[in-house]
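K.L.:
here is a sequence together with a model predicted from it:
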Amino acid sequence: MLLIMKEKVALITGSSRGIGKAISIKFARMKIKVVLNYRKNEDEALKTLNEIKNLGAEAIVIRTNVSKEEEVKRMIKEAKDNFGEINILVNNAALGLAVPFKDMSFEIWYKQIDVSLNGIFFVTKEVVNDMISQKWGRIINMSSIAGINGLKYLTAYSAAKGGIIGFTKALASELAEYNITVNAIAPAFVETDMGKSYFEWLEKRMNYEQPLIKYLNYFTTNRKLITPEEVAEFASFLVSDNASGITGQVFTLESGFNLQWYEALK
Ligand SMILES: NC(=O)c1ccc[n+]([C@@H]2O[C@H](COP(=O)([O-])OP(=O)(O)OC[C@H]3O[C@@H](n4cnc5c(N)ncnc54)[C@H](OP(=O)(O)O)[C@@H]3O)[C@@H](O)[C@H]2O)c1
């Protein structure tokens, strides 16, 4: 059984849909109070909020662009006005635009890095001092296999996700003495809006006749890509007291998925 001290509060960035949503629902089931965050999609965010409230858990939702420092400061203030403190942070919000590097403008490069890496700086900076004072904290940064292997047509995204790994390890070593763990989860493809848009982009570019996702499933142990719910299960372990000795690690969740799929794309 997962042990977690009572009355924890978690901020999950980018939690209106996809992996962030699944993590929020899992945490709510663990009786963690949840601060949901989104950028644009209010309908999905409110739907997620209702799902959580229907579980009998406490939650609020805040619209914030994580790459805007002033907006992030306002989000953290609103979260603390509601719940007092933030004990758990999941840096999940990101953009994943596929663009061949030869066609990539600095604007697209910058936007990717700004949301997916600078956003983590702003949010973590705003919560870390409180975690240090509380001498307890859990930080999970959502990386990707793109940050380890590099993914074709995702150079900016891969750079941001690789940067997150260095950030995770460095921060973990700084914060260990305060009983704060910092870990990264690096999934392979997950069938979310972000995952699907990359598959669809590749399908068009490669003139695939079959949905690529069915093909990718073939390269896994159980013929199934990792689901958002499986990522959420793992996140729930990392924030539990059972994982208090685990920090500075990068966990690749990929069902045995590996680089073979590049062969298929040739
Ligand atoms: N899907 C995959 O295959 C995969 C694989 C490995 C790693 N990951 C990582 O897992 C995380 C979640 O991915 P996902 O597939 O669930 O993505 P997704 O389905 O595209 O959802 C992205 C979430 O981030 C929010 N968001 C986007 N830009 C934001 C910003 N500037 N400020 C605040 N929120 C913002 C979106 O809000 P709105 O709804 O308002 O737009 C949404 O809630 C990301 O870090 C991603 O890189 C995904």
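P.N.:
Perfect, thanks for sending it.

K.L.:
the ligand contacts on the chain?
P.N.:
13-20, 37-41, 44, 64-67, 92-96, 115, 119, 142, 144, 187, 189-190, 192-195 (CB under 6 Å from any ligand atom). In short, each C-beta sits where N, CA and C put it, glycine included.

K.L.:
for the chain, which strand extends over the most residues?
P.N.:
Residue-count comparison of every strand in the chain, with assignments taken from DSSP state E, identifies strand 180-187 as the longest.

K.L.:
on that earlier part again, okay, and which of the residues of the chain next to the ligand map to helices?
P.N.:
Judged by DSSP state H, those include 18-20, 44, 119, 193-195 as members of helices.

K.L.:
which one of those residues sits closest to the ligand?
P.N.:
If you rank these by distance to the ligand using CB to the nearest ligand atom, G18 comes first, at 2.2 Å.

K.L.:
can you count the residues close to that closest one?
P.N.:
With neighbours defined by other CB atoms under 10 Å, the count for G18 comes to 21.

K.L.:
my guess is it contacts E191, does it?
P.N.:
No. With contact taken as CB atoms under 8 Å, G18 and E191 are classed as non-touching, separated by 9.3 Å.

K.L.:
what's the burial count for N242?
P.N.:
A count of nearby residues for N242, using other CB under 10 Å, gives 14.

K.L.:
how close does it get to I120?
P.N.:
For N242, the distance to I120 (CB to CB, to the nearest Å) stands at 25 Å.

K.L.:
just T168 next, same as before
P.N.:
For T168, the distance to I120 - CB to CB - is 9 Å.

K.L.:
which residues do the two both contact?
P.N.:
Between them, T168 and I120 share the neighbouring residues N141, with contact defined by CB atoms under 8 Å, 6 or more residues apart in numbering.

K.L.:
reduced to three states, what does the closest residue in space to P228 that isn't next to it in sequence come out as?
P.N.:
Nearest in space to P228, with sequence neighbours left out and distances taken as CB to CB, 6 or more residues apart in numbering, is A22 at 3.6 Å. The assignment at A22 comes out as helix when based on DSSP: H, G, I helix; E, B strand; the rest coil.

K.L.:
just the buried ones from the ones in helices among the residues of the chain next to the ligand?
P.N.:
For those, a neighbour count by 16 or more other CB atoms under 10 Å gives the buried set as 18-20, 44, 119, 194-195.

K.L.:
thinking again about what came up before, next, count neighbours for the residue nearest to P228.
P.N.:
A total of 23 residues lie near A22 under the criterion other CB under 10 Å.

K.L.:
distance from stretch 187-200 to the middle of the chain?
P.N.:
Using CA atoms, centre = their mean, to the nearest Å, we find the averaged C-alpha position of stretch 187-200 to lie 13 Å away from the chain's own average C-alpha position.

K.L.:
contacts for it next, please.
P.N.:
With contact meaning CB under 8 Å, 6+ apart, stretch 187-200 is reached by 17-19, 94, 96, 98, 142, 144-145, 154, 211-213, 216, 225-228, 231, 252-255, 257.
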